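1. Give me coordinates for this.
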Amino acid sequence: MNGHWLALYTFGQFRTRADHPVVEPFHQAEPLVWAAMERAEGFVARSGYEDEPGPDSWGEQVFPRYWQDNGDGWAPSTISLWQDLESALAAVYRGPHAEILKKGPDFMREDHAYPAYALWWVPEGHQPDWVEAIDRFERLGDAGPTPAAFTFKSAFDPSGKPTTVNGGVSKQIAERNRTRTETPKAVQ
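-> Next up, the predicted model:
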């Protein structure tokens, strides 16, 4: 959007260690969710993780001050870049990611006083690292939505003016994403 990309950082914490059986639905869904995200309209790029196959990590992964280690040194978090608010909203709240979000209460902590994600605009071509993402996330937690870090419900445009995400456009994008990610049925 006008020489900018939308950065999205997500953060959550499991109820228990990441290797506990209750967390298995998350791990089983993760490859499908990432594949759908990467094929979604408006997707630009995402950070990978150190020592894992896939995209390179955008710097050393760090966690926000809200993190409470479950004894495994890990918490689910992501950084991704999008062309606009509507594309990001469609990918996050519809499709495979939305399905795993619905199951989240089964394995994710919900007793927290921090946001689930933060959005902010970056110049096109800029790749935020984990430290920048944490900074924006904690700003949102401290000050609420501002042009520096905001949510879909309280969004700002790249110039810092309040804006509204176009839900109708987001639904149209989600429908196009659905048809992009469906597995073709066998010919009978």
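
2. Could I get the contacting residues of Arg136?
-> Residues near Arg136 by C-beta atoms under 8 Å, 6 or more residues apart in numbering: Ala7, Tyr9, Ala118, Trp120, Pro128, Ala148, Ala149. Placement of C-beta: from N, CA and C, glycine included.

3. Phe137: which of these is nearest?
-> Ala118 (4.3 Å; C-beta to C-beta).

4. List the contacts of Tyr9.
-> Ser77, Thr78, Ile79, Tyr117, Ala118, Pro128, Ala133, Ile134, Arg136, Phe137.

5. Separate out the buried members of those residues.
-> In terms of neighbour count (16 or more other C-beta atoms under 10 Å), the buried residues within those are Ser77, Thr78, Ile79, Tyr117, Ala118, Pro128, Ala133, Ile134, Arg136, Phe137.

6. Sitting in helices, which of these do you find?
-> Among these, the residues falling in helices (DSSP state H) are Ala133, Ile134, Arg136, Phe137.

7. now Leu8: how far from Ala133?
-> 9 Å (C-beta to C-beta, to the nearest Å).

8. any common contacting residues for the two?
-> With C-beta under 8 Å, 6+ apart as the test, Leu8 and Ala133 both reach Ile79, Ala118.

9. And the strands in this structure, which stretches?
-> All strands of the chain, identified by DSSP state E, fall at 4-11, 43-46, 77-82, 117-123, 155-156, 162-163.

10. Adding distance to Ile173, write those out as a markdown table.
-> Shown next, in a markdown table, are the strands of the chain (distance: least, C-beta to C-beta, whole Å):
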| stretch | distance to Ile173 |
| --- | --- |
| strand 4-11 | 13 |
| strand 43-46 | 11 |
| strand 77-82 | 11 |
| strand 117-123 | 16 |
| strand 155-156 | 16 |
| strand 162-163 | 17 |
